[in-house]
Every structure is written in C-alpha cells, then in structure tokens.
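Student: My questions concern the predicted model and sequence given below.
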Amino acid sequence: THFGFRDVPVGDKQRLVGEVFTSVAGNYDLMNDLMSMGIHRLWKRHFALVSGVRRGDRVLDLAGGTGDIAALLLPLVGKDGEIVVGDINAAMLEVGRDRLTDRGLVDGLCWARMNAEMLPFPDTSFDAVTMVFGLRNVTNKAAALADIYRVLKPGGRALIMEFSKVKSPLLSKLYDFHSFKVLPRLGQLFAGDADSYQYLAESIRKHPDQEGMRELMNEAGFDRVDVRNLSHGIVAIHRGYKF
Ligand code: SAM
C-alpha cells in the first residue's frame with residue numbers, strides 16, 4: 001500500500017499520518033469500536049480512574065483530538081483546573097471540540113493544534129500530560145517524550161496509554177487474525193477505507209512493547225516508571241514522574 005512508512009523520509013511520514021487521520025476523522029468512533037469491539041471506552045474510563053488527575057490540575061492531553069479523554073478528565077480537574085487538548089490534525093480537533101461543545105463541555109477546555117515533538121509551551125507548565133493512542137503515530141518518540149518531560153512541573157506525571165504486546169499466546173493469535181484479516185475488511189465495508197485500518201494494525205505492531213516503552217521513558221528522564229496492562233497487554237498504561 002502507499003502507507004509503507006518505512007521507506008519514506010521522516011517529514012513525509014508525519015504528513016501521511018496527518019492524512020490518515022483526516023480521512024478517518026468523521027468515522028472515528030466507528031473505527032475505534034471496530035478495532036476494539038467497543039472495549040476502548042472501558043480502557044479510557046480505566047485510564048481516567050488511574051490517572052491521579054486532581055481538582056485544580058492543569059493537564060495537557062496530547063493527540064486528544066477526539067475529546068474522549070478530555071471529557072473524562074474535565075470533571076476531575078473541576079472549576080479551578082484546565083485541560084489543554086493538543087492534536088496535530090485540525091479535522092480531529094474540530095470533531096472533538098464540536099462533540100464536547102454539544103455536550104455542554106466548554107469551560108476549562110482549550111483546543112490547540114500542535115506537534116507532540118515540539119510542544120508550544122514553556123518549561124514546567126503542566127501537572128500532568130496524557131497521551132492516549134497517540135504516541136505510536138509520532139515519528140520521533142524520544143523527542144516527544146523529552147518534550148513532555150520538559151513541560152511537566154516538578155512532581156508532575158506523564159500517562160501514556162498505547163497498544164502494547166499481548167501476553168497470552170492464544171489471545172495473541174486471535175488478535176493477529178482480528179488485526180490483519182478482519183479489521184481491514186471491516187474498514188473497507190463500513191468506512192470504504194481498508195488502507196487506514198491496515199496502517200493502524202501495522203503501526204501497533206511496530207510500536208515498542210511494555211519494556212521498550214519503559215526504557216524510552218527512562219531515557220527521557222522519567223522517574224518511577226510503572227506499567228499497567230489492560231486486557232492482557234492489548235493495551236498498556238505507562239506512568240512516569242518528573243522530580
Ligand atoms: N486520544 C484520542 C483517543 O484516544 O480517542 C485520539 C487517538 S487517535 C488514534 C491518534 C491521534 O493522534 C490523532 O488525532 C492524530 O491526529 C494525533 N497525532 C498523530 N501524530 C501526532 C503528533 N505528532 N502530535 C500530536 N498529535 C498527533
């Protein structure tokens with residue numbers, strides 16, 4: 001397919017990723033539901049529960065275009081807190097902002113287009129930075145993690161949820177079948193777009209596993225990095241602190 005990212009220069013990859021998300025923005029919920037059979041909603045709720053986000057916190061939700069995470073964290077930060085939703089793709093931001101506005105979620109939210117690799121904020125700006133199903137699309141993950149570290153306040157934490165390595169052999173087989181055989185067909189059938197779904201399955205396989213992510217976070221400077229597997233490692237939440 002034309003999404004053979006390994007063969008194109010870095011700048012082009014970022015542009016192609018942008019195009020993938022523009023083409024799926026409108027079908028985004030459908031896509032998530034197909035990919036995870038609806039379970040992404042539970043993963044996200046779990047993520048918010050263990051995020052440790054508190055009243056008054058200033059949070060940056062990176063790759064947050066759909067607004068799903070912002071909607072879950074907003075009640076936690078309360079009236080004195082703030083959530084900045086950052087995403088590289090304008091269409092995703094628009095979909096998320098419209099959806100949350102329709103639900104009456106406006107105050108305390110701020111939407112801005114940005115690249116996770118070059119955050120437009122001064123040092124020590126946030127109590128927490130969250131990134132859910134976003135990091136695997138970022139070309140230079142080390143740069144993104146280093147910049148997340150930079151914008152955190154001392155005592156602040158990063159919470160990264162991403163697809164990871166399935167820990168059970170049987171589930172792993174089923175999962176591969178679902179990703180490479182079922183998913184692109186469902187994508188074709190429901191969204192007329194097999195390529196984007198194929199890209200997503202491939203990007204999940206190429207993303208570092210639990211240990212690889214832990215190392216990347218340590219290298220970026222994070223302390224006390226821990227990992228929590230959800231659904232036997234289909235998804236993992238990495239948490240790290242800046243002290
Ligand atoms: N966090 C949301 C959720 O879980 O519903 C959206 C996840 S979606 C799979 C990935 C998002 O990452 C897209 O909105 C895409 O535009 C964004 N993205 C990709 N590369 C990015 C980058 N370098 N910087 C910021 N956002 C990026």
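Tutor: Thanks, I have it. Every value quoted in this text rests on a predicted model; they were computed, and no experiment measured them. Numbers count the residues shown, from 1 in each chain.

Student: just the helices in this structure please.
Tutor: For the chain, the helices defined by DSSP state H cover 10-24, 28-36, 40-50, 68-77, 90-102, 141-151, 169-177, 183-191, 194-206, 210-219.

Student: Mind giving me the packing neighbours of the third one?
Tutor: Which is helix 40-50. Judged by 3 or more C-beta pairs under 8 Å, 6 or more residues apart in numbering; DSSP states H and E, helix 40-50 is in contact with helix 28-36, helix 68-77, strand 126-132, strand 152-163, strand 223-230, strand 235-241. C-beta here means a position set from N, CA and C on the backbone, and glycine is covered the same way.

Student: can we see that at 7 Å?
Tutor: For helix 40-50, the packing partners by 3 or more C-beta pairs under 7 Å, 6 or more residues apart in numbering; DSSP states H and E come out as helix 68-77, strand 223-230, strand 235-241.

Student: Give me the helices and strands touching the first one, please.
Tutor: The one in question is helix 68-77. For helix 68-77, the packing partners by 3+ C-beta pairs under 7 Å, 6+ apart come out as helix 40-50, strand 58-62, strand 82-87.

Student: Does that helix reach the ligand?
Tutor: Yes: Helix 68-77 is in contact with the ligand by C-beta under 6 Å from any ligand atom, via 68, 69.

Student: pLDDT wise, what is the residue nearest to residue 224 when sequence neighbours are not counted at?
Tutor: Among residues not flanking residue 224 along the chain, residue 241 sits closest, at 5.1 Å (C-beta to C-beta, 6 or more residues apart in numbering). Note for residue 241: predicted pLDDT of 98.

Student: Equivalent analysis for residue 182, please.
Tutor: 88.

Student: quick revisit: any chance of the helices and strands packed on helix 68-77 in JSON lines, with distance to residue 114, mean neighbour count and mean pLDDT too?
Tutor: Shown next, in JSON lines, are the helices and strands packed on helix 68-77 (distance: least, C-beta to C-beta, whole Å; neighbours: other C-beta atoms under 10 Å; pLDDT from 0 to 100):
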{"stretch": "helix 40-50", "distance to residue 114": "21", "mean neighbour count": "17", "mean pLDDT": "96"}
{"stretch": "strand 58-62", "distance to residue 114": "8", "mean neighbour count": "26", "mean pLDDT": "98"}
{"stretch": "strand 82-87", "distance to residue 114": "4", "mean neighbour count": "24", "mean pLDDT": "98"}
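
Student: closest one to residue 163 among the ones you listed?
Tutor: For residue 163, the closest of the helices and strands packed on helix 68-77 is helix 40-50, at 10.0 Å, according to C-beta to C-beta.

Student: can you tell me if that closest one touches the ligand.
Tutor: No: Helix 40-50 does not reach the ligand (C-beta under 6 Å from any ligand atom); its nearest approach is 6.5 Å.

Student: Tell me the residues of this protein that contact the ligand?
Tutor: Close to the ligand, as judged by C-beta under 6 Å from any ligand atom, the chain has residues 17, 21, 62-66, 68-69, 87-89, 92, 115-117, 132-134, 137-138.

Student: In the protein, where is pLDDT below threshold?
Tutor: Along the chain, segments meeting pLDDT under 70 span 1-14, 16-21, 23-26.

Student: Assess the claim that the residue nearest to residue 224 and residue 158 are in contact.
Tutor: No: using C-beta atoms under 7 Å, residue 241 makes no contact with residue 158, being 8.0 Å away.

Student: where's the residue in the chain sticking out farthest from the centre relative to residue 164, distance?
Tutor: Here the chain reaches farthest from its C-alpha mean at residue 170, the gap being 26.3 Å by C-alpha atoms, centre = their mean. According to C-beta to C-beta, to the nearest Å, residue 170 and residue 164 sit 17 Å apart.

Student: now residue 90
Tutor: On the measure of C-beta to C-beta, residue 90 and residue 164 end up 29 Å apart.

Student: Over to residue 129?
Tutor: As judged by C-beta to C-beta, residue 129 and residue 164 stand 19 Å apart.
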